[in-house]
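1. One predicted model, sequence on top.
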Amino acid sequence: MAENSRVFTDLKAATMESADTPYGMIEDAAIVVQGEQIAWVGPVAALPEAHSDLPRSSLEGRLVTPGLIDCHTHIVHGGDRAVEFEMRLNGASYEEVARAGGGIVSTVKATRAASEDDLLADALRRVDVLIAEGVTVLEIKSGYGLDTDTELRMLRAARAIATKRPIRVKTTFLGAHATPADYAGRDDAYIDEVCIPAMRAAHAEGLVDAVDGFCEGIAFQPAQIARVFDVARELGLPVKLHAEQLSNLGGAKLAASYGALSADHIEYLDEEGVIAMAEAGTVAVILPGAFYTLRETQAPPIALLRKHSVPMALATDINPGSSPLNSLLLTLNMGCTLFRMTPEEALRGVTQHAARALGLKDCGTLAPGMRADLAVWDVKHPAELAYRIGFNPLHSRIFGGTA
Ligand code: DI6
Ligand code: FE
């Protein structure tokens with residue numbers, strides 16, 4: 001038996017397992033952890049004899065959920081865009097901001113100028129805030145390098161986070177995020193000469209868990225994304241897509257045709273796209289931080305996603321431009337208040353469905369065989385996690401069985 005085997009008792013478990021019981025809730029529960037895994041979860045009265053001699057830890061009536069999962073971030077990047085934010089609030093137009101070197105180009109410049117250590121140190125400050133909120137799995141994208149060296153450096157910095165902190169990191173190659181200045185007006189050449197070779201190089205170095213793109217009028221067309229996805233498929237890498245954020249180019253449908261893990265943002269998604277996602281098993285990743293920051297008015301089609309049983313995940317989209325939102329708990333509140341998701345949908349969105357959006361089968365619920373990634377909360381009811389604004393009720397966090 002593993003050394004750190006123990007039974008947690010005096011707790012309520014929001015297992016997020018069964019959809020029959022709200023939150024998959026077990027009121028007077030016990031959780032048996034053996035090594036890095038959960039060995040048993042259930043009512044304490046039903047605790048099997050085999051586990052009854054293990055050391056016990058009382059959680060004094062607290063709520064336990066699966067560790068939270070932030071399944072869409074750009075948390076590794078150079079610099080920030082606070083001055084640009086200020087310029088716009090002082091009346092500068094988008095063009096003026098761009099002429100002053102603002103926008104995504106400024107983040108590319110700052111990221112290219114940063115060393116791997118700089119990128120890592122900067123990102124860790126933001127990661128620590130997520131860890132303090134009970135986050136145990138984090139997805140991180142490249143996409144601010146837009147040249148091979150910098151894209152790989154971003155991914156190495158992202159992977160290094162998991163060696164410095166008790167958190168699991170999944171890395172996503174996002175070379176098709178924007179066209180760099182030196183390729184202005186030559187998007188196709190950028191895809192062929194930089195994006196695809198950089199993806200192959202990153203994959204060869206073992207740095208890529210999935211491939212993403214930005215399918216939008218201001219970014220890449222569906223045909224260009226398809227070229228990137230064809231190579232991802234050849235390399236055996238799953239895909240996902242920033243789709244229908246500002247307009248409907250049919251990105252979600254394209255992603256679904258590649259069996260995508262997720263289609264993200266999707267404010268402008270129509271029912272045809274929703275059906276395509278339902279048929280492909282593609283998760284809808286809802287990103288209220290970008291909606292809020294850009295003062296968007298078109299909400300994602302939550303009712304249609306429910307109607308067609310498309311699983312909804314929720315994520316921060318942490319990035320220096322459209323979503324400088326460094327809180328997954330606040331994201332829960334925003335999903336509920338801005339999009340009328342229920343607190344249960346929101347919590348499933350950062351646990352069960354976020355795991356699925358990352359293609360992970362060993363986390364996101366509390367069940368035997370799952371990783372023992374637990375968040376312990378000083379709350380009475382799980383709806384409290386989405387309810388308060390700017391309040392963190394985390395009591396403690398267990399990562400792979402270790403406190
Ligand atoms: N969608 C967005 O909103 C961001 N990237 C993306 O694909 C914008 C990123 C930025 O402005 O830095
Ligand atoms: Fe994003």
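-> Received, thanks. Ligands and ions are numbered 1, 2, ... in the order given.
2. chain center to the lowest-mean-pLDDT helix or strand in the chain, what's the gap?
-> The weakest-scoring helix or strand in the chain, judged by mean pLDDT, DSSP states H and E, is helix 94-99 (a mean of 80). Centre-to-centre, helix 94-99 and its host chain are 30 Å apart (C-alpha atoms, centre = their mean, to the nearest Å).
3. try stretch 306-314
-> With C-alpha atoms, centre = their mean as the basis, the mean position of stretch 306-314 lies at 16 Å from the chain mean.
4. Please apply the same query to stretch 131-148.
-> Taking C-alpha atoms, centre = their mean, one finds stretch 131-148 lying 8 Å from the centre of the chain it belongs to.
5. Okay, buried residues for the least confident helix or strand of the chain please.
-> For helix 94-99, a neighbour-count test (16 or more other C-beta atoms under 10 Å) marks residue 97 as buried. From N, CA and C alone the C-beta is placed, and that goes for glycine too.
6. other SSEs contacting it?
-> helix 82-89 (3 or more C-beta pairs under 8 Å, 6 or more residues apart in numbering; DSSP states H and E).
7. Next, the buried residues of the helix it packs on.
-> In helix 82-89, counting by 16+ other C-beta under 10 Å, buried: 84, 85, 87.
8. Could you do stretch 362-379 as well?
-> Buried residues in stretch 362-379, counted by 16+ other C-beta under 10 Å: 363-366, 370-377, 379.
9. Who are the contact partners of residue 266?
-> Going by C-beta atoms under 8 Å, 6 or more residues apart in numbering, residue 266 touches 243, 244, 245, 252, 273, 284, 285, 286, 300, 301.
10. Looking at those, which is nearest ligand 1?
-> Minimum distance to ligand 1 across the contacts of residue 266 is 5.7 Å, recorded for residue 245 (C-beta to the nearest ligand atom).
11. Is that closest one located within a strand, as I assumed?
-> No. Using DSSP: H, G, I helix; E, B strand; the rest coil, the assignment for residue 245 is coil, not a strand.
12. nearest residue to it other than its sequence neighbours?
-> Counting by C-beta to C-beta, 6 or more residues apart in numbering, the nearest residue to residue 245 once its immediate chain neighbours are dropped is residue 265, at 3.7 Å.
13. which residues pair with that neighbour across the strands?
-> residue 243 (DSSP bridges).
14. what residues are up against the residue nearest to residue 102 when sequence neighbours are not counted?
-> In space, and not counting its chain neighbours, residue 102 is closest to residue 84: 4.0 Å by C-beta to C-beta, 6+ apart. Counting by C-beta under 8 Å, 6+ apart, residue 84 touches 97, 100, 102, 103, 106.
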